[in-house]
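In: Next comes the sequence, and after it the predicted model I'd like to discuss.
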Amino acid sequence: MNTYKTEEMKFRITCSIALFLIMSSVVVAQRRSAYDTPIKSEKTTNTKTTDSKKSDPKAKTPPAQAGEGGDYNTTTSNLPIEVVEDQGEGGLYGTSKQSLRKDNILEDDHTDSAATPLAYTQLYAADAMYRVRVWRTIDARTQQNARYFYNKSIDGEDDKRLINIILRAIKEDSVQAFSNVDDRFTTPITFDEAVAGFGGGVDTVAKYDMEGNIAGYQVRARDVAPDSIYKFRLKEEWIFNKRDGKTYVRILGIAPLASYTSSDGYTMENSEHAVFWVYYPDLRKVLVRNNITNPLNISGYVTWEEVFENRLFESTIQKSSLDAENGFNNTPLKADQAEIIQKQLNNLSSKGWIKK
């Protein structure tokens, strides 16, 4: 009897274990069918896809979809980008489009491409009884200066502005531009670096095809209006020469001035600064070959070199080496302070002969 019960107990345990194993295998199979992709099936699918691509050359690959961890559609980033070079007409460079016919009734013109400036009188340190360093600002908007700095050529060549002439000279390598890190002409810069100082920058514009799709992009330099550059800084030296009893004024450098502008077009106060410097003795040979209509005689011309050498402009003194002597410690000088300095400069010769 005991043997029978023992056998019955073993049979029940065996049936329970068998039933448990069957139920477990069913659950595993259900989970596999719901979440797993058979490896064999995946290979078959890839093979069929490859074969279908080979057999159907016209089949198009669907565009890649952007998604987490997936490939992004980079079609637009591969479009061609065209950099449009400056054509050199107008703007700061200021070369007018040439007439294809003789656009005047004169048999010649006043341009002398071989003109050279007159040599300066040589000055020596031993003869310099007084030397004064002066920085002054020319504002082209004043009545006296506008006749030269905003002069329009009678022949329609709207490229006689001072800034046009300076930049053309730099680009053609006849004049070296210097950085505004100082005014002692210590750091040469390129033409592109000089122009970049005006803050023009570049614009990127999309190009469209006939169907309205973006076909590429163009990068163009943003124009800076030449008439927006209307102030210039001069660095000059006044010397009383005891050898001949004369006062000499020599310009050492000239710099166009600009103010910093925010992205929304707001001009920052008290941000006026020299964009770059040009050594004036180097620039003289260019200025002497550039004529502008004489505002006092429309039938005649005056060169830019004459405007500076004959002091046909008006200006305001910003600072000088006489400031400390007069107790001035502010820059720029106030109007009454600048007037005092100018009177002292005008009387420099008489000061040289005052007996102490």
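Out: Yep, that arrived.

In: Quick check: the gap between Thr219 and Asn78.
Out: Quick fix: residue 219 is Val, not Thr. Relative to Asn78, Val219 is positioned 16 Å away (CB to CB, to the nearest Å). (C-beta placed from N, C-alpha, C; glycine too.)

In: Equivalent analysis for Asp182, please.
Out: According to CB to CB, Asp182 and Asn78 sit 46 Å apart.

In: In terms of neighbours, single out the busier of those two.
Out: The residue with more neighbours, out of Asp182 and Asn78, is Asp182; 11 against 6, by other CB atoms under 10 Å.

In: confidence score at the more buried one?
Out: Listed pLDDT for Asp182 reads 96.

In: can you check the one 5 residues further on too?
Out: Thr187 is assigned a pLDDT of 97 by the prediction.

In: how many other residues sit next to it?
Out: Burial of Thr187 is recorded as 13 neighbouring residues (other CB under 10 Å).

In: the bottom helix or strand of the chain by mean pLDDT?
Out: Using mean pLDDT, DSSP states H and E, helix 39-55 stands out as the lowest-scoring helix or strand of the chain, at a mean of 43.

In: can you give me the helices in this protein?
Out: Secondary structure of the chain by DSSP state H: the helices cover 2-35, 39-55, 143-149, 162-171, 191-196, 280-287, 304-309, 335-346, 348-352.

In: any idea which of these scores lowest on pLDDT?
Out: Note on these: lowest mean pLDDT is at helix 39-55, with a mean of 43.

In: Hmm, Val288 is touching Ala115, no?
Out: Yes: counting by CB atoms under 8 Å, Val288 touches Ala115, with 4.9 Å between them.

In: Between those two, which is the more surrounded one?
Out: Set side by side, Val288 and Ala115 show more neighbours around Val288, with 18 against 14, by other CB under 10 Å.

In: What about the residue nearest to the more buried one when sequence neighbours are not counted, how many residues nearby?
Out: Closest residue to Val288 in three dimensions, ignoring its sequence neighbours and counting by CB to CB, 6 or more residues apart in numbering: Glu305, at 4.1 Å. The number of residues packed near Glu305 is 20, by other CB under 10 Å.

In: what sits against Glu305?
Out: Residues in contact with Glu305 (CB atoms under 8 Å, 6 or more residues apart in numbering) are Pro117, Arg284, Leu287, Val288.

In: Same check on Thr316?
Out: Contact analysis of Thr316 by CB under 8 Å, 6+ apart lists Arg136, Thr137, Asp139, Pro332, Ala335, Ala338.

In: now do 7 Å
Out: Taking CB atoms under 7 Å, 6 or more residues apart in numbering as the contact definition, Thr316 lies against Arg136, Thr137, Ala338.

In: my guess is the first one contacts Ile317, does it?
Out: Yes: taking CB atoms under 7 Å as the contact criterion, Arg136 and Ile317 are neighbours in contact, 4.9 Å apart.
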